[in-house]
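Undergrad: Can you look at this prediction? I've put the sequence above it.
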Amino acid sequence: MSWSFPIGRLLGSELRVHATFFLLLAWVAFSAYGSGGSQAALANTAFILVLFACVVAHEYGHALMARRFGIRTPDITLLPIGGLARLERMPEKPGQELAVALAGPAVNVVIWAALVVIVGVPTDVRSLADFSAGPAEFLGRVAAVNLFLAVFNLIPAFPMDGGRVLRAVLSIFTGRVRATRIAATAGQIVALLFGFWGASSGNIVLILIAVFVFLAAQAEAADVQNRAIAHGLSARDAVITSFEPLSPDDTLAMAGQALIRTTQHEFPVLAADGRLAGFLTRSALLRGMAEGAATRPVSDMMETDVPVLPLSAPLEQVLDALAQAPAVAVTDRFGALAGYITRENIGELMVLRQPR
Ligand SMILES: [Zn+2]
């Protein structure tokens, strides 16, 4: 995800923080300072950081449950709305999707229950808003916010966990595409409500959440539709066979000329024996040129970790591979390069195949 920064690795996933999360921190500190001075600003910022840790735990709930079904989680991104565990793929079996979706909120319920056992249920709700109070009140607030996280995430609307629960349950009765469309529409309605609420109360964070939810719901519906279109098609149906390759010894300047001369944005790099050595993307080429490396060979800047699939591979497998890499190399039955597939030409295929 763009606008996010890596802060470390834990249990096999890279932890990233989205820029808007800092916006939330700044907003909380600033508004607390305005109403209660530096003491309140400090207490509230500490509270948000603990909240942040609970959100991380929530996301690891999803990631570790997904791992039980053999699905890795390359990264987890923290946004003001909560976290986003980017699973390698979504489990398509409703039971597995249900388990993965519920594992996140379940972690918050466990934290809430543990804290309630330690500090008890607050008798006076107003003490939750008192930031000068002692550690018991602080833990009481952490408990309350975990309950809120569990409930908020179970709103039955995409991309909230509740939306996945809804989709998993609906897809038992109707097709997965239709189930997704219903859950995504619910997500967009919720987004509009958040948007109105945010606009009428002047709450910027709510408006940000609304925009995020709206776009994420749309993206999810499109992805599932693409998968439905891809079903029954193979790499053969999407492969680019007419292209200009580069050689590993070509200079970046020569690659730059090829970029101008052709309409390609990705260039397969073929070794002397015709085997695929890697892929040079337009962004890598432009980065190299900006660094003044025009005379350096293409092999210095090319991506060598390119997924390779046969022409007969199901197109759904190609979609999974393209979620991780800019291009997929496609080989014929003799193992020679037949062509390649990019996100852009998959997009074109999807538009052409869209049901009218
Ligand atoms: Zn979740």
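TA: On my side now, so go ahead.

Undergrad: Could you pull up the contacting residues of residue 284?
TA: Neighbour list for residue 284: 301-303 [criterion: Cβ atoms under 8 Å, 6 or more residues apart in numbering]. Quick note: C-beta positions are derived from backbone N, CA and C, even for glycine.

Undergrad: and the residue lying closest to residue 165 once chain neighbours are set aside, how many neighbours does it have?
TA: Excluding the flanking residues, the one nearest residue 165 by Cβ to Cβ, 6 or more residues apart in numbering is residue 101, at 5.0 Å. Neighbours of residue 101 under the rule other Cβ atoms under 10 Å: 26.

Undergrad: Then residue 276?
TA: Residues contacting residue 276 under the criterion other Cβ under 10 Å number 19.

Undergrad: give the contact list for it.
TA: 268-270, 306, 308, 329, 337.

Undergrad: now these in CSV, with secondary structure?
TA: Below are the contacts of residue 276 laid out as CSV (DSSP: H, G, I helix; E, B strand; the rest coil):
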residue, secondary structure
268, strand
269, strand
270, strand
306, coil
308, strand
329, strand
337, strand
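
Undergrad: which residue does this protein bring closest to the ion?
TA: Ranked by Cβ to the ion, the top residue of the chain for proximity to the ion is residue 104, at 3.2 Å.

Undergrad: can I assume that residue is in contact with residue 153?
TA: Yes: here residue 104 reaches residue 153: they are 6.3 Å apart, a contact under Cβ atoms under 8 Å.

Undergrad: Find the residues that touch each one of the two.
TA: 58, 161.

Undergrad: This structure: helices as residue ranges?
TA: Taking DSSP state H as the criterion, the chain contains helices spanning 19-68, 94-119, 135-153, 161-173, 176-201, 204-230, 252-261, 282-290, 315-322, 343-353.

Undergrad: packing partners for the first one?
TA: Translated: helix 19-68. In terms of contacts (3 or more Cβ pairs under 8 Å, 6 or more residues apart in numbering; DSSP states H and E), helix 19-68 is packed against strand 4-10, strand 13-18, strand 75-79, strand 82-86, helix 94-119, helix 135-153, helix 204-230.

Undergrad: Ok, which of the ones you listed comes nearest residue 195?
TA: Ranking these by their distance to residue 195 (criterion: Cβ to Cβ) puts helix 204-230 first, at 3.7 Å.

Undergrad: now the helices of the chain as TSV including mean pLDDT?
TA: Formatted as TSV, the helices of the chain follow (pLDDT from 0 to 100):
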stretch	mean pLDDT
helix 19-68	83
helix 94-119	91
helix 135-153	85
helix 161-173	88
helix 176-201	87
helix 204-230	81
helix 252-261	88
helix 282-290	87
helix 315-322	84
helix 343-353	82
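
Undergrad: mind giving me CSV with those and columns for distance to residue 239?
TA: Formatted as CSV, these follow (distance: least, Cβ to Cβ, whole Å):
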stretch, distance to residue 239
helix 19-68, 30
helix 94-119, 31
helix 135-153, 40
helix 161-173, 31
helix 176-201, 25
helix 204-230, 14
helix 252-261, 20
helix 282-290, 19
helix 315-322, 9
helix 343-353, 8
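
Undergrad: In space, what's closest to residue 172 - neighbours in sequence excluded?
TA: Distances taken as Cβ to Cβ, 6+ apart put residue 94 closest to residue 172, at 5.4 Å, once the chain neighbours are dropped.

Undergrad: Now for that neighbour, how many residues are close by?
TA: The number of residues packed near residue 94 is 19, by other Cβ under 10 Å.

Undergrad: need the residues of the chain near the ion, please.
TA: Contacts of the chain with the ion, taken as Cβ under 5 Å from the ion, map to 104, 153, 161.

Undergrad: Neighbour-wise, give me the winner out of those residues.
TA: For these, the largest neighbour count, defined by other Cβ under 10 Å, is 27 neighbours, found at residue 104.

Undergrad: That one: what's it in contact with?
TA: Shown in contact with residue 104 (Cβ under 8 Å, 6+ apart): 58-59, 61-62, 85, 153, 161.

Undergrad: Centre-most residue in this protein?
TA: By Cα atoms, centre = their mean, the chain has its centre lying nearest to residue 86, at 4.3 Å.

Undergrad: So which residues make contact with stretch 166-183?
TA: So stretch 166-183 is in contact with 92, 94-95, 97-98, 101, 156-158, 163-164, 186, 217, 220-221, 224-225, 228, going by Cβ under 8 Å, 6+ apart.

Undergrad: same thing but 10 Å
TA: 90-102, 154-160, 162-165, 184, 186-187, 217, 220-229, 231, 355 (Cβ atoms under 10 Å, 6 or more residues apart in numbering).
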